[in-house]
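Colleague: Give me a model of this one.
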Amino acid sequence: MIFAVAGGKGGVGKSTVSLNLAADLDAAVIDADLGMADLPESHGPDLHDVLAGRADPIEAVCEGDAVDIVPCGRTLAGARASDPAELVDAVEAVASAYETVVIDCPAGMAADAGLPLFAADRCVLVALPDAFAVADVVRTRELARELDAGVARVALNRTGPSPPTDRVERVLGAPVTAIPDAAVVERAQRSGVPVSNVAPDSSAARRFEELAATVTAGIEAP
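Modeller: Numbering: from 1, shown residues only. Here you go, the predicted structure:
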(Lines give C-alpha, C1' and ligand atoms only; values in the text may rest on other atoms or scores of the structure.)
Protein backbone atom coordinates (compact mmCIF):
# COMPACT_ATOMS: atom_id res chain seq x y z
CA MET A 1 0.00 0.00 0.00
CA ILE A 2 1.31 3.42 -0.99
CA PHE A 3 0.21 6.59 0.81
CA ALA A 4 1.01 10.11 -0.40
CA VAL A 5 1.10 12.99 2.08
CA ALA A 6 0.28 16.20 0.21
CA GLY A 7 -0.63 19.80 0.96
CA GLY A 8 -1.57 23.02 -0.71
CA LYS A 9 1.61 24.89 0.13
CA GLY A 10 4.95 24.54 1.86
CA GLY A 11 5.43 24.93 5.59
CA VAL A 12 2.27 23.14 6.71
CA GLY A 13 4.09 20.15 8.23
CA LYS A 14 3.89 17.51 5.49
CA SER A 15 7.28 16.08 6.38
CA THR A 16 6.37 15.86 10.08
CA VAL A 17 3.13 14.06 9.25
CA SER A 18 4.91 11.78 6.77
CA LEU A 19 7.58 10.70 9.27
CA ASN A 20 5.13 10.06 12.09
CA LEU A 21 2.62 8.29 9.86
CA ALA A 22 5.36 6.02 8.50
CA ALA A 23 6.51 5.19 12.02
CA ASP A 24 3.01 4.19 13.13
CA LEU A 25 2.38 2.20 9.94
CA ASP A 26 5.78 0.47 10.15
CA ALA A 27 6.35 1.82 6.64
CA ALA A 28 9.25 3.18 4.63
CA VAL A 29 9.00 6.90 3.93
CA ILE A 30 10.25 8.51 0.72
CA ASP A 31 11.21 12.18 0.60
CA ALA A 32 9.92 13.04 -2.87
CA ASP A 33 10.30 16.81 -2.53
CA LEU A 34 13.13 16.97 -5.06
CA GLY A 35 13.87 20.68 -4.61
CA MET A 36 13.00 21.28 -0.92
CA ALA A 37 13.79 18.03 0.93
CA ASP A 38 13.03 18.11 4.65
CA LEU A 39 13.27 14.57 6.02
CA PRO A 40 16.51 13.49 7.73
CA GLU A 41 19.54 13.05 5.47
CA SER A 42 21.90 10.08 5.22
CA HIS A 43 25.47 9.54 4.05
CA GLY A 44 24.50 6.95 1.45
CA PRO A 45 22.74 7.22 -1.90
CA ASP A 46 19.55 9.28 -1.96
CA LEU A 47 16.53 9.79 -4.19
CA HIS A 48 18.45 12.16 -6.45
CA ASP A 49 20.91 9.33 -7.12
CA VAL A 50 18.06 6.89 -7.81
CA LEU A 51 16.32 9.23 -10.26
CA ALA A 52 19.62 9.96 -12.00
CA GLY A 53 20.26 6.25 -12.52
CA ARG A 54 23.21 6.14 -10.12
CA ALA A 55 21.61 3.93 -7.46
CA ASP A 56 18.98 1.24 -7.05
CA PRO A 57 15.90 2.32 -5.02
CA ILE A 58 16.52 -0.31 -2.35
CA GLU A 59 20.13 0.84 -2.00
CA ALA A 60 18.84 4.27 -1.07
CA VAL A 61 16.71 3.08 1.86
CA CYS A 62 18.37 4.16 5.10
CA GLU A 63 17.10 1.71 7.68
CA GLY A 64 16.69 3.20 11.13
CA ASP A 65 15.47 2.10 14.54
CA ALA A 66 12.31 4.18 14.23
CA VAL A 67 11.68 4.69 10.51
CA ASP A 68 13.21 3.47 7.25
CA ILE A 69 13.79 6.51 5.01
CA VAL A 70 14.65 7.12 1.37
CA PRO A 71 16.16 10.60 1.81
CA CYS A 72 16.43 13.19 -0.93
CA GLY A 73 19.54 15.20 -1.73
CA ARG A 74 19.74 18.91 -1.03
CA THR A 75 21.85 20.10 -3.96
CA LEU A 76 20.65 21.96 -7.02
CA ALA A 77 22.94 19.82 -9.18
CA GLY A 78 21.32 16.67 -7.80
CA ALA A 79 17.85 17.98 -8.49
CA ARG A 80 18.80 18.93 -12.05
CA ALA A 81 20.31 15.49 -12.71
CA SER A 82 17.15 13.72 -11.51
CA ASP A 83 14.54 12.43 -13.93
CA PRO A 84 11.17 12.80 -12.12
CA ALA A 85 9.61 10.39 -14.60
CA GLU A 86 11.50 7.60 -12.83
CA LEU A 87 9.81 8.32 -9.49
CA VAL A 88 6.83 6.01 -9.90
CA ASP A 89 9.03 3.00 -10.67
CA ALA A 90 11.27 3.85 -7.71
CA VAL A 91 8.29 4.08 -5.34
CA GLU A 92 6.89 0.79 -6.58
CA ALA A 93 10.26 -0.91 -6.09
CA VAL A 94 10.42 0.25 -2.47
CA ALA A 95 6.80 -0.81 -1.93
CA SER A 96 7.59 -4.29 -3.25
CA ALA A 97 10.36 -4.66 -0.68
CA TYR A 98 8.78 -2.89 2.30
CA GLU A 99 5.03 -3.46 1.62
CA THR A 100 3.88 -0.07 2.94
CA VAL A 101 5.30 3.24 1.72
CA VAL A 102 4.58 6.85 2.69
CA ILE A 103 5.57 9.53 0.17
CA ASP A 104 6.35 13.05 1.38
CA CYS A 105 5.10 15.07 -1.61
CA PRO A 106 6.31 18.41 -3.00
CA ALA A 107 4.21 21.41 -2.03
CA GLY A 108 1.19 22.65 -3.93
CA MET A 109 0.85 22.25 -7.67
CA ALA A 110 4.55 22.06 -8.58
CA ALA A 111 5.32 20.32 -11.85
CA ASP A 112 6.40 17.11 -10.09
CA ALA A 113 3.65 17.15 -7.43
CA GLY A 114 1.35 14.88 -9.42
CA LEU A 115 3.79 11.98 -9.72
CA PRO A 116 3.64 10.85 -6.06
CA LEU A 117 -0.15 11.08 -6.18
CA PHE A 118 -0.16 9.03 -9.39
CA ALA A 119 1.90 6.35 -7.62
CA ALA A 120 -0.26 6.37 -4.48
CA ASP A 121 -3.25 4.22 -3.56
CA ARG A 122 -4.47 6.75 -1.01
CA CYS A 123 -3.45 10.21 0.14
CA VAL A 124 -3.47 12.24 3.31
CA LEU A 125 -3.97 16.00 2.93
CA VAL A 126 -2.19 18.30 5.37
CA ALA A 127 -3.51 21.78 6.17
CA LEU A 128 -3.19 24.41 8.86
CA PRO A 129 -6.35 25.45 10.74
CA ASP A 130 -6.99 28.75 8.98
CA ALA A 131 -9.35 29.55 6.13
CA PHE A 132 -6.65 30.45 3.61
CA ALA A 133 -4.65 27.28 4.22
CA VAL A 134 -7.72 25.06 3.91
CA ALA A 135 -8.85 26.77 0.69
CA ASP A 136 -5.36 26.32 -0.74
CA VAL A 137 -5.42 22.54 -0.26
CA VAL A 138 -8.67 22.16 -2.23
CA ARG A 139 -6.70 22.22 -5.50
CA THR A 140 -4.46 19.43 -4.25
CA ARG A 141 -7.55 17.41 -3.31
CA GLU A 142 -8.88 17.81 -6.86
CA LEU A 143 -5.56 16.68 -8.32
CA ALA A 144 -5.57 13.63 -6.04
CA ARG A 145 -9.07 12.75 -7.22
CA GLU A 146 -8.10 13.11 -10.87
CA LEU A 147 -5.20 10.72 -10.29
CA ASP A 148 -7.33 8.19 -8.35
CA ALA A 149 -5.44 8.72 -5.09
CA GLY A 150 -8.43 8.63 -2.78
CA VAL A 151 -8.31 11.08 0.12
CA ALA A 152 -8.18 8.87 3.20
CA ARG A 153 -7.85 11.63 5.79
CA VAL A 154 -7.04 15.27 6.43
CA ALA A 155 -4.32 15.99 8.99
CA LEU A 156 -5.18 19.40 10.43
CA ASN A 157 -1.80 20.37 11.78
CA ARG A 158 -0.71 22.69 14.62
CA THR A 159 -4.17 23.06 16.07
CA GLY A 160 -5.22 24.85 19.24
CA PRO A 161 -7.73 23.73 21.87
CA SER A 162 -10.80 24.13 19.59
CA PRO A 163 -9.80 23.02 16.07
CA PRO A 164 -12.31 23.72 13.27
CA THR A 165 -12.62 20.07 12.33
CA ASP A 166 -16.29 20.23 11.27
CA ARG A 167 -15.67 23.14 8.91
CA VAL A 168 -12.62 21.51 7.37
CA GLU A 169 -14.53 18.26 6.86
CA ARG A 170 -17.27 20.16 5.01
CA VAL A 171 -14.79 22.03 2.80
CA LEU A 172 -12.53 19.11 1.94
CA GLY A 173 -15.08 16.30 2.06
CA ALA A 174 -12.92 14.00 4.16
CA PRO A 175 -12.63 13.12 7.86
CA VAL A 176 -10.13 15.10 9.91
CA THR A 177 -7.53 14.25 12.53
CA ALA A 178 -6.37 17.30 14.48
CA ILE A 179 -2.67 17.32 15.38
CA PRO A 180 -1.98 19.67 18.32
CA ASP A 181 0.58 22.45 18.23
CA ALA A 182 2.84 20.95 20.87
CA ALA A 183 6.42 21.42 21.99
CA VAL A 184 7.05 17.65 21.79
CA VAL A 185 6.31 17.72 18.06
CA GLU A 186 8.93 20.44 17.52
CA ARG A 187 11.42 18.60 19.71
CA ALA A 188 10.95 15.36 17.79
CA GLN A 189 11.21 17.22 14.48
CA ARG A 190 14.51 18.80 15.48
CA SER A 191 15.85 15.35 16.37
CA GLY A 192 14.57 13.79 13.15
CA VAL A 193 12.52 11.15 14.98
CA PRO A 194 8.79 10.42 15.43
CA VAL A 195 6.94 11.92 18.37
CA SER A 196 6.43 8.41 19.76
CA ASN A 197 10.20 8.21 20.34
CA VAL A 198 10.22 11.43 22.38
CA ALA A 199 6.86 11.40 24.18
CA PRO A 200 4.93 8.17 23.52
CA ASP A 201 2.14 9.07 25.97
CA SER A 202 1.58 12.60 24.63
CA SER A 203 -1.63 13.73 22.97
CA ALA A 204 0.33 14.38 19.76
CA ALA A 205 1.62 10.79 19.68
CA ARG A 206 -1.92 9.50 20.21
CA ARG A 207 -3.23 11.65 17.36
CA PHE A 208 -0.60 10.31 14.97
CA GLU A 209 -1.54 6.78 16.02
CA GLU A 210 -5.17 7.64 15.31
CA LEU A 211 -4.20 8.98 11.89
CA ALA A 212 -2.40 5.75 11.04
CA ALA A 213 -5.33 3.63 12.20
CA THR A 214 -7.88 5.60 10.21
CA VAL A 215 -5.97 5.73 6.91
CA THR A 216 -5.70 1.94 6.92
CA ALA A 217 -9.31 1.35 7.92
CA GLY A 218 -11.00 -1.08 5.55
CA ILE A 219 -7.75 -2.33 4.02
CA GLU A 220 -7.58 -6.10 4.17
CA ALA A 221 -4.35 -7.71 5.27
CA PRO A 222 -2.57 -9.66 2.49
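Colleague: In the protein, where is pLDDT below threshold?
Modeller: Scanning the chain for pLDDT under 70 picks out 108-111, 218-222.
Colleague: Direction included, what does whichever strand in it runs longest pair up with?
Modeller: Ranked by residue count and defined by DSSP state E, the top strand of the chain is strand 150-159. Sheet pairing for strand 150-159, assigned by DSSP bridges, gives strand 122-127 (parallel), strand 176-180 (parallel).
Colleague: Flag every buried residue along that strand.
Modeller: 151-159 (16 or more other C-beta atoms under 10 Å). Any C-beta I mention is one placed from the backbone N, CA and C, and that applies to glycine too.
Colleague: show me the residues around residue 212 that make contact.
Modeller: 21, 24-25 (C-beta atoms under 8 Å, 6 or more residues apart in numbering).
Colleague: closest to residue 130 among those residues?
Modeller: Ranked by distance to residue 130 (C-beta to C-beta), the contacts of residue 212 are led by residue 21 at 22.3 Å.
Colleague: And the closest one, how close does it get to residue 68?
Modeller: Distance, residue 21 to residue 68, using C-beta to C-beta, to the nearest Å: 13 Å.
Colleague: can you list residues touching both of these two?
Modeller: 27, 29.
Colleague: Residue 102 - how many residues pack around it?
Modeller: The local packing of residue 102 (other C-beta atoms under 10 Å) involves 29 other residues.
Colleague: hmm, I was thinking of residue 202
Modeller: Neighbour count for residue 202, taken as other C-beta under 10 Å: 18.
Colleague: Just give the nearest non-adjacent residue to it, would you?
Modeller: Among residues not flanking residue 202 along the chain, residue 184 sits closest, at 4.9 Å (C-beta to C-beta, 6 or more residues apart in numbering).
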